[in-house]
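Engineer: no sequence on hand, only this structure:
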């Protein structure tokens with residue numbers, strides 16, 4: 001067993017830490033926010049808004065769970081505020097999860113070879129590798145849920161483990177908002193399904209209930225507050241006004257077609273029927289073949305080009321593993337099926353497309369099914385002297401996996417260079433060389449969020465806390481910072497104040513003029529990424545863009561002003 005664990009750790013560490021601070025080159029605003037808030041806690045004991053040791057971090061207004069931020073304090077104190085420091089905790093959690101999957105699977109199926117196969121697949125799986133190489137809260141959630149499930153299985157034999165099981169399930173609520181629906185549902189299922197066994201441990205269950213309340217108490221007010229439901233309330237289809245409009249439109253179509261029985265209209269087209277249909281469509285979209293094996297997440301930060309979260313070569317093993325688990329007589333198998341069944345429910349409540357991020361917790365049972373399928377198919381084919389088919393599938397997997405690694409390490413940074421903003425760091429370093437000579441620095445909306453400047457400039461948290469001001473939230477539950485210090489974030493104006501020394505960071509699309517900039521950055525394909533301009537350069541090339549020539553009925557962006565309200569031309 002020890003040698004197998006060592007092998008798993010070595011493979012996991014290599015895959016997760018190799019070029020961790022460099023690949024992926026794109027560094028998301030969420031990663032920067034997690035890292036900077038950890039840095040802020042480290043330096044001041046407060047988050048970016050000046051709240052002392054919060055349980056919920058406001059961030060962009062969507063509120064972030066606390067675990068990953070606090071877990072990142074130590075690595076950032078050691079490695080500094082950089083990509084590697086921000087991602088370190090996620091990579092470590094990913095390695096720990098691989099080892100944990102080994103012990104969890106062995107507890108369920110009592111076969112060491114299946115446990116090793118499942119953990120090995122989990123360590124290699126693109127779905128998990130993608131998310132353990134970025135600063136991502138979900139790895140902490142998955143770790144605590146898996147520990148909770150593992151201790152629950154052990155608790156069916158020795159009651160004292162039930163106390164630890166409930167404790168880790170409760171702690172998972174501190175890791176990621178996405179599991180705050182899944183964890184209670186999963187825990188309730190376990191308690192009901194195995195009630196005849198756990199009733200024998202009355203003392204342990206009472207202690208579990210008491211300790212669970214103690215652990216739940218600090219976060220309980222946040223679960224039912226704005227911070228607990230902010231993001232969910234904006235993304236849920238229950239708050240989608242478009243669905244109400246669709247219901248009314250369908251009712252109107254009955255009337256327009258001459259069917260005036262309003263009772264029938266309302267029975268067929270109402271919130272219950274439409275919401276149910278939307279939920280069912282969303283639920284099954286997570287099991288769509290194209291999503292799982294071909295396209296994957298639409299968010300470029302969560303996907304690799306030409307790959308889904310799963311590999312084609314693993315499909316036969318996944319299906320056979322599912323079949324074998326159905327045939328398994330062990331009572332513990334129900335945990336795997338319940339996990340798979342419940343995992344898509346939170347994501348199915350949104351009005352967004354299926355996401356590898358929101359359904360990330362399903363990756364463990366999928367790895368176990370594949371591991372079970374590999375071992376079972378090996379024994380089945382071996383007994384029939386048909387091992388060559390299995391060898392061919394293995395070779396197919398090796399070739400496909402190397403193709404995936406090529407896509408991840410090479411093509412990802414080129415294909416999604418613009419979407420993942422890989423030139424943000426270089427651009428900020430370029431800006432920093434010039435900014436001291438200017439009164440203001442104006443950054444185009446296409447560049448990225450304010451958090452990148454806080455992160456890469458290592459802006460003093462104590463100073464920013466006095467300036468932090470978030471705008472009203474948009475339709476997806478995110479706010480924006482319009483300015484701090486000398487930095488302004490917004491659309492590049494059409495009319496400029498040439499009396500001030502202002503430095504502008506613009507994309508080529510923002511400036512419809514042929515101007516020689518002070519400096520610029522490039523994408524890997526050689527195209528211009530961002531241009532560095534100032535008022536002097538703009539004045540020389542386009543003097544008519546001065547505020548002096550701005551029509552009185554227009555604002556600096558060229559929008560018409562009517563009675564104080566803006567009307568876009």
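Structural biologist: That came through, no problem. If you're wondering where the values come from, they're calculated on a predicted model, not measured in any experiment.

Engineer: could you report the pLDDT at residue 89?
Structural biologist: Listed pLDDT for residue 89 reads 98.

Engineer: actually residue 560, not the one I typed
Structural biologist: For residue 560, the model assigns a pLDDT of 84.

Engineer: hmm, residue 343 is touching residue 364, no?
Structural biologist: No. Taking contacts as Cβ atoms under 8 Å, residue 343 lies outside contact range of residue 364: 9.3 Å. C-beta here means a position set from N, CA and C on the backbone, and glycine is covered the same way.

Engineer: what segments of this protein are strands?
Structural biologist: All strands of the chain, identified by DSSP state E, fall at 440-443, 483-484, 487-489, 502-506, 519-522, 528-534, 560-562, 565-567.

Engineer: what's the first one packed up against?
Structural biologist: Right, strand 440-443. Counting contacts by 3 or more Cβ pairs under 8 Å, 6 or more residues apart in numbering; DSSP states H and E, strand 440-443 packs against strand 487-489, strand 502-506.

Engineer: need the winner for burial among these.
Structural biologist: Highest mean neighbour count among the helices and strands packed on strand 440-443 (mean count of other Cβ atoms under 10 Å): strand 502-506, with a mean of 23.

Engineer: could you list the domains of the chain?
Structural biologist: For the chain, automatic domain parsing gives the domain ranges 237-279, 424-567.

Engineer: residue 157 is nearest to which of those domains?
Structural biologist: Comparison of the domains of the chain against residue 157 by Cβ to Cβ identifies domain 237-279 as nearest, at 37.4 Å.

Engineer: quick check: mean pLDDT of that closest one?
Structural biologist: What domain 237-279 shows for mean pLDDT is 78.

Engineer: what's the end-to-end length of it?
Structural biologist: Start-to-end span of domain 237-279 (Cα to Cα, to the nearest Å) is 9 Å.

Engineer: re the thing from before, how about the helices and strands packed on strand 440-443 in a markdown table, adding mean pLDDT and distance to residue 83?
Structural biologist: As requested, those are arranged in a markdown table below (pLDDT from 0 to 100; distance: least, Cβ to Cβ, whole Å):
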| stretch | mean pLDDT | distance to residue 83 |
| --- | --- | --- |
| strand 487-489 | 95 | 21 |
| strand 502-506 | 94 | 21 |
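
Engineer: count of neighbours near residue 366?
Structural biologist: Number of residues near residue 366 (other Cβ atoms under 10 Å) recorded here: 26.

Engineer: which residue sits closest to residue 546 in space, ignoring its chain neighbours?
Structural biologist: residue 498 (5.3 Å; Cβ to Cβ, 6 or more residues apart in numbering).

Engineer: repeat that for residue 135.
Structural biologist: Nearest residue to residue 135, sequence neighbours excluded (Cβ to Cβ, 6+ apart): residue 31, at 3.9 Å.

Engineer: and the one you found, how far from residue 62?
Structural biologist: Plainly put, residue 31 is 14 Å away from residue 62 if you go by Cβ to Cβ, to the nearest Å.

Engineer: next one: residue 8
Structural biologist: Residue 8 sits 35 Å away from residue 62, going by Cβ to Cβ.

Engineer: wait, isn't the residue nearest to residue 546 in contact with residue 539?
Structural biologist: Yes. Counting by Cβ under 8 Å, residue 539 is a contact partner of residue 498 at 4.9 Å.

Engineer: shared neighbours of the two, anything?
Structural biologist: Contact criterion Cβ atoms under 8 Å, 6 or more residues apart in numbering; residues shared by residue 498 and residue 539: residue 546.

Engineer: thinking again about what came up before, let me have the helices and strands packed on strand 440-443 in JSON lines, extended by distance to residue 475.
Structural biologist: Putting these into JSON lines (distance: least, Cβ to Cβ, whole Å) gives the following:
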{"stretch": "strand 487-489", "distance to residue 475": "19"}
{"stretch": "strand 502-506", "distance to residue 475": "26"}
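
Engineer: closest to residue 122 out of those strands?
Structural biologist: The closest of those to residue 122 is strand 487-489. By Cβ to Cβ, the value is 40.4 Å.

Engineer: any weak-confidence spans in this protein?
Structural biologist: Residues of the chain that meet the criterion pLDDT under 70 lie in 226-234, 258-262, 265, 383-385, 512-513, 562-569.

Engineer: wait, doesn't residue 429 sit right on residue 456?
Structural biologist: Yes. With contact defined as Cβ under 8 Å, residue 429 and residue 456 form a contacting pair (7.1 Å).

Engineer: more crowded one of the two?
Structural biologist: Higher neighbour count among residue 429 and residue 456: residue 456, with 22 against 12, using other Cβ under 10 Å.

Engineer: now the more buried one: how far from residue 182?
Structural biologist: Separation of residue 456 from residue 182 (Cβ to Cβ): 35 Å.

Engineer: so the nearest residue to residue 489 once chain neighbours are set aside bridges to which residues?
Structural biologist: In space, and not counting its chain neighbours, residue 489 is closest to residue 443: 5.1 Å by Cβ to Cβ, 6+ apart. Beta bridges link residue 443 to residue 489, residue 505 when assigned by DSSP bridges.
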